[in-house]
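**Q** sequence and computational prediction follow.
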Amino acid sequence: MNRLLLTLALLAALMASACSSGSSANANMAQSLPVPDTTTIVQTGDVRIGPFDMLQIRVFGVDELDGDYQVDHLGRMKMPLIGEVEAKGLTAFELASNLERRLEDNYLQDADVSVTIEEKLREQVTVEGSVNNPGIFPVKGEIGLLQAVALAGGTSDLANPRKVVIFRQVEGQRVVAGYDLTAIRRGEADDPRVFGNDIIVVDGSEARRTYGDFLRAVPLLGLLIL
């Protein structure tokens with residue numbers, strides 16, 4: 001999330017060009033957003049840990065704690081000395097910070113922990129913003145944007161379904177595209193396919209508290225590369 005916020009100044013400069021293209025914008029972006037990377041090593045700091053992910057954890061100077069740890073179905077992992085730790089919904093950096101604090105409480109001074117998401121359950125998506133039940137959801141087979149939003153309980157009363165964005169990792173870069181959910185519901189635009197590890201954000205009052213000008217800067221025609 002910090003990386004996203006740091007891009008807001010740049011994105012604000014793009015808002016004028018995004019708005020100028022709005023008159024000819026087509027809400028169907030399915031052909032514009034490429035398929036995601038297939039690598040199993042997830043290195044971006046924005047990806048959230050989910051159930052059944054495999055984590056590689058290294059504790060500097062304590063080889064006995066180094067190893068691969070799997071997140072269970074509840075989103076937790078167990079580590080020697082500190083026991084059960086909540087991992088679901090955290091980035092690798094956030095989990096590393098939590099582990100450092102836990103280790104420093106009773107066992108180590110100035111703990112230095114690194115976490116890498118080594119294997120990620122591909123069939124899950126994150127839905128955030130103005131939805132009734134935001135979170136990380138496992139999926140089976142192919143699903144579209146409408147179904148993904150439905151997994152999160154649908155759009156909230158304060159949502160703006162005219163602007164829904166999908167974040168995706170493509171060729172090592174973070175790519176984002178905007179969609180008009182209302183047009184998709186009416187059959188005026190195709191329902192784009194959603195892939196594992198996609199992050200979906202529905203615009204609205206709740207989303208603007210976190211994403212602010214970023215959502216307004218994402219055009220409905222074209223892509224932004226972060």
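**A** Received it, and whenever you're ready, just let me know what you need. The structure presented is a predicted model; accordingly, all values stated were derived computationally and were not measured.

**Q** what domains does the record give for the chain?
**A** Structural domains assigned to the chain are 2-39+121-225, 54-119, following automatic domain parsing.

**Q** mean pLDDT and distance to Val47 added to these, as TSV?
**A** Yep, even glycine has a C-beta here, placed from its N, CA and C like the rest. What follows is those, written out as TSV (pLDDT from 0 to 100; distance: least, CB to CB, whole Å):
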stretch	mean pLDDT	distance to Val47
domain 2-39+121-225	72	7
domain 54-119	91	6
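
**Q** can you add mean neighbour count and give these back as TSV?
**A** Shown next, in TSV, are the domains of the chain (neighbours: other CB atoms under 10 Å):
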stretch	mean neighbour count
domain 2-39+121-225	17
domain 54-119	16
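
**Q** tabulate the ones you listed (JSON lines), appending distance to Arg48.
**A** Supplementary listing: the domains of the chain in JSON lines, determined by distance: least, CB to CB, whole Å:
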{"stretch": "domain 2-39+121-225", "distance to Arg48": "6"}
{"stretch": "domain 54-119", "distance to Arg48": "5"}
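
**Q** other SSEs contacting the longest helix seen in the chain?
**A** Assignment by DSSP state H gives helix 92-106 as the longest helix of the chain. Here helix 92-106 touches strand 54-59, strand 83-86, strand 113-119, going by 3 or more CB pairs under 8 Å, 6 or more residues apart in numbering; DSSP states H and E.

**Q** which neighbouring elements make contact with the first one?
**A** Applying 3+ CB pairs under 8 Å, 6+ apart, one finds that strand 54-59 contacts strand 67-70, helix 92-106, strand 113-119.

**Q** who wins for proximity to Gln56 among the ones you listed?
**A** strand 113-119 (4.4 Å; CB to CB).

**Q** following element in sequence after that closest one, please.
**A** strand 124-129 (DSSP states H and E).

**Q** partner strands of that next one, with direction?
**A** Strand pairing for strand 124-129, determined by DSSP bridges: strand 135-138 (antiparallel), strand 199-204 (parallel).

**Q** and of those, who's closest to Ile49?
**A** Per CB to CB, nearest to Ile49 of these: strand 135-138, 8.6 Å.

**Q** surely Gly135 touches Gly129?
**A** No: contact criterion CB atoms under 8 Å: Gly135 and Gly129 do not qualify, at 11.6 Å.
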